[in-house]
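Visitor: Sequence isn't available, so here's the structure alone:
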């Protein structure tokens, strides 16, 4: 199986997710654009409730024919990470093109702007070795620690329990679904990684252990930042 770590960032490192509505929209796009068929946004309509929750209204549609398996994801303020494997020939490039164009169109219409939203074509690296495979899901899920515990990258976490608690309260990644909490379960295919980890509880325990012992310096050849 071909596993690819992809990343794209806002042009000039600008913030591309300004509020939760933008983040919900991107999660929706991860699901909706993962389809070999053309996308009709009428299939999935949004409106804001007073509680600012996302609500959706479905109408009849053909079953999706997936372009990729999304194994993991994380949304940050000015970029996102994905761990993908193709379902069809050129599935990753087709999916990434639909995803980036679709989200950019939404963003530009919402904020009445023109021009490129992303800094260019998405970056990617093939996960070739087992040592890379072991680290990359943890790395993707730990990116939100930059917001509150940036010292995690230097292995200087003074309170690992607080760091894990922060991840447990950060909705915008696949971490919670891997930990056994239903967050955005329809977006990811978790069979491969959960088989490797041994289950949600084992995933969570191994993530905690990884935070204590990881060496980001040794992972730079397959990271994209």
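Guide: That came in fine, so what should we check first? For clarity, every value in this text was computed on a predicted model and none was experimentally measured.
Visitor: which residue is nearest the middle of this structure?
Guide: In the chain, the C-alpha nearest the mean C-alpha coordinate belongs to residue 73, at 2.0 Å (C-alpha atoms, centre = their mean).
Visitor: Thought residue 99 was touching that residue, still the case?
Guide: No. Applying C-beta atoms under 8 Å as the test, residue 73 and residue 99 come out as separate, 10.7 Å apart. Any C-beta I mention is one placed from the backbone N, CA and C, and that applies to glycine too.
Visitor: Quick check: neighbours shared by those two?
Guide: Taking C-beta atoms under 8 Å, 6 or more residues apart in numbering as the contact definition, residue 73 and residue 99 share the neighbouring residues residue 30.
Visitor: Contacts only, for the closest residue to residue 65 other than its chain neighbours.
Guide: Spatially, and ignoring its direct neighbours in sequence, residue 65 is nearest to residue 36 (4.0 Å; C-beta to C-beta, 6 or more residues apart in numbering). Going by C-beta under 8 Å, 6+ apart, residue 36 touches 64, 65, 66, 67, 88, 94.
Visitor: circling back: tell me what the helix or strand containing the residue nearest to the centre of the chain is packed against?
Guide: Using DSSP states H and E, residue 73 falls within strand 68-75. The criterion is 3 or more C-beta pairs under 8 Å, 6 or more residues apart in numbering; DSSP states H and E, and the helices and strands that strand 68-75 contacts are helix 20-32, strand 79-86, helix 91-110, helix 130-142, helix 191-197.
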